[in-house]
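[1] everything below, folded, please.
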Amino acid sequence: MSTNENSQKDNNKTNSNHRFVKRPDVSVRDKKLDTLNVQLKKIDNEIALLRKQIDHYQISDSVQQERKKLLDHNKEIIKNQADLKNRRNQIFESIKILDSNIKRRNNEINEKLGKKHKFNTTAEAKQRIAEIDDLIGSGDLSIVEEKLLVKEAQSLNKLMKDLIAIDPIKKAIDDDKAKIVNLKEELNSLNPKTLSSDFEKNQEKLNDLNAKNQGVYDKKQSIFLKRTALYQKRDEIYSQIRQIRTDFDNEFKAFKNKLEKERLRREEDEKLSKLMEEKDSSLGKLQEKLTHAKIPAFTFEIESIENTLVALDPTYVKPKKNTALDELTSSNEKINSNTQIRKVEAAADLVLVPTKNEEDIFSNTAPSKSKKFKKKNQNKQAQNGDAFAKIDGKFTLEPTLIATLAQLDVKVPISKDDVAVSIEQLKSKHEDLINKQDEQTEKNIANVEKEISQLQISFQKKEEQIKKELEEKRQQEAAEKEASVEA
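    Numbers count the residues shown, from 1 in each chain. The predicted structure is shown next:
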């Protein structure tokens, strides 16, 4: 499958993952609201009509003033009754206190005079003393009677002193009794029956006035009840309207939340998809690199050495191998294209054989840079020409053979005597590369596998970082929304 086909498949998969979020239908909400608004308008018209009827059934100003006057008078009577009650309670309390004071003072008098005394005033005591003096002065009394009268006179003199001492107390008792008399007179004057009678008469007038206006009250009350029922119905419609708006707002909020979640999900999918594409691209390159790394190391260098040995030593036989060079042409091209060829200066007695065209190149050369060049080498091998010859008596080599020897860092023979040295160097290098081939191959594979492992770990961390950043973004946006709602 081509890269374009893979990309198209990924795009189709991404588009199929995009969920459609349905927006709340405003027309459905408006249709419900229009129906309720029609009902609301009808109820408002009925309420306006009832208000006109209420205004029609109004009591005249004169009747209202009279009623107000009676109500005010009732309030005044009630206030007077309350004041009267408070005053009577105060009088009763004062009389109770005065009675208590009188009893207390009488007890003081009895304690000072004793309960057996016959005289309550000093005048009575003086009069009795005068009578005793007259009886004693007449001389008609016996000694015993005279002594008794003298004793009684002495007792009366002592009583007079006590009576003089209690005069202020008696005066206070008399004052308290006078106060009680005055309070009782005031209490009798505060007759609540008068106020009660006035209240009853005033209330009777108010009842008569209310009875005359009862018909108007009943009609207005009936209209009030109808209006209250309409108010309740209107409140229900308002409640339905608020509920519809609230439901729509909640649906719209849910829609926005879903839309936001879908946006974040798409953003995550796009970032992850882009990351996966980048990962697949990098991993593909490393897989290709791993494929090349699995080719035995120094394969093309060894092949070049063997081809050169065949060219320089006719007795040399190439070892048989199970190679697949035709399948690795692209890798061969890559290696040869990156190989730097060292330029070798020819010796003074070395003459290059001029070639008329590219087909004169020696067949047993190192791997070519292109399939075209390889095919030419295969055609040239059929001719099986000599690798070196003499021109005008001088020792010569093919230019490509010289380049191969320079590339392999082997001494270029300038005479036939030097050929053996070059062959020995080639065999030594061939053996050295064969010995290091397995170890180097394993090392190449391990290096590429390590790169693949590091690449997978790196992209896994990038994927986790993308998910973490998007989750933090979700939480931040949710916190900002919550803060805006609270504000």
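[2] can you map out the helices along the protein?
    Applying DSSP state H to the chain gives helices spanning 3-17, 26-56, 61-113, 122-138, 143-189, 192-212, 214-293, 299-312, 329-338, 371-383, 399-407, 419-486.
[3] in CSV: these, plus distance to residue 413.
    Placement of C-beta: from N, CA and C, glycine included. Listed next are the helices of the chain as CSV, based on distance: least, C-beta to C-beta, whole Å:
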stretch, distance to residue 413
helix 3-17, 50
helix 26-56, 95
helix 61-113, 145
helix 122-138, 184
helix 143-189, 163
helix 192-212, 148
helix 214-293, 34
helix 299-312, 8
helix 329-338, 24
helix 371-383, 21
helix 399-407, 8
helix 419-486, 5
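[4] confidence-wise, which of those helices is weakest overall?
    For the helices of the chain, mean pLDDT drops lowest on helix 371-383, to a mean of 40.
[5] mind giving me the domain split of the chain?
    Listed by automatic domain parsing, the domain ranges of the chain are 26-56+213-289, 61-211, 294-318+326-469.
[6] in CSV, list those along with distance to residue 481 and mean neighbour count.
    Supplementary listing: those in CSV, determined by distance: least, C-beta to C-beta, whole Å; neighbours: other C-beta atoms under 10 Å:
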stretch, distance to residue 481, mean neighbour count
domain 26-56+213-289, 9, 13
domain 61-211, 60, 13
domain 294-318+326-469, 19, 15
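[7] do you know which of these lies nearest residue 477?
    Closest approach to residue 477 among the domains of the chain (C-beta to C-beta): domain 26-56+213-289, 7.0 Å.
[8] centre of the chain to that closest one, how far?
    Centroid separation between domain 26-56+213-289 and its chain, computed with C-alpha atoms, centre = their mean, to the nearest Å, is 23 Å.
[9] ok, so what distance separates residue 133 from residue 420?
    The gap separating residue 133 from residue 420 is 201 Å, by C-beta to C-beta, to the nearest Å.
[10] wait, I meant residue 174
    Counting by C-beta to C-beta, the gap from residue 174 to residue 420 is 176 Å.
[11] repeat that for residue 232.
    Residue 232 is 124 Å from residue 420, where distance means C-beta to C-beta.
[12] before we move on, what about residue 205?
    Distance from residue 205 to residue 420, by C-beta to C-beta: 159 Å.
[13] how about residue 434?
    Per C-beta to C-beta, residue 434 is found 21 Å from residue 420.
[14] equivalent analysis for residue 203, please.
    In this view, residue 203 and residue 420 are 156 Å apart by C-beta to C-beta.
[15] and if you look at residue 182?
    Distance, residue 182 to residue 420, by C-beta to C-beta: 170 Å.
[16] now stretch 285-296, how far from the chain's geometric center?
    Taking C-alpha atoms, centre = their mean, one finds the center of stretch 285-296 at 54 Å from the center of the full chain.
[17] just the CA atoms of it, as CSV, please.
    The C-alpha trace of stretch 285-296 is given here as CSV (Å, rounded to 0.1, in the frame of the first residue of the first chain):
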residue,chain,number,x,y,z
LYS,A,285,13.0,4.7,8.2
LEU,A,286,14.5,2.8,11.1
GLN,A,287,12.9,-0.5,9.9
GLU,A,288,14.5,0.1,6.5
LYS,A,289,17.8,0.9,8.3
LEU,A,290,17.4,-2.4,10.2
THR,A,291,16.8,-4.3,7.0
HIS,A,292,20.1,-2.9,5.7
ALA,A,293,21.8,-3.6,9.0
LYS,A,294,20.8,-7.3,8.7
ILE,A,295,22.9,-7.6,5.5
PRO,A,296,26.3,-9.2,6.5
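[18] residues touching stretch 96-113, excluding its own?
    For stretch 96-113, contacts defined as C-beta atoms under 8 Å, 6 or more residues apart in numbering pick out 159, 162-163, 165-166, 169-170, 172-173, 176-177, 179-180, 183.
[19] repeat the analysis, applying 7 Å as the threshold.
    Under the criterion C-beta atoms under 7 Å, 6 or more residues apart in numbering, residues 162, 165-166, 169, 172-173, 176-177, 179-180 lie in contact with stretch 96-113.
[20] quick check: the residue lying closest to residue 287 once chain neighbours are set aside vs residue 99, distance?
    Nearest residue to residue 287 in three dimensions, chain neighbours excluded: residue 452, at 7.6 Å (C-beta to C-beta, 6 or more residues apart in numbering). Distance of residue 452 to residue 99, given as C-beta to C-beta: 122 Å.
[21] what does residue 425 give?
    With C-beta to C-beta as the criterion, residue 425 and residue 99 are 157 Å apart.
[22] again, but for residue 206
    Distance, residue 206 to residue 99, using C-beta to C-beta: 43 Å.
[23] and what of residue 71?
    Noted for residue 71: a distance of 42 Å to residue 99, by C-beta to C-beta.
[24] next: residue 255.
    Relative to residue 99, and taking C-beta to C-beta, residue 255 is found at 90 Å.
[25] what do you get for residue 156?
    According to C-beta to C-beta, residue 156 stands 32 Å off from residue 99.
[26] ditto for residue 130
    From residue 130 over to residue 99 the distance is 38 Å, taken as C-beta to C-beta.
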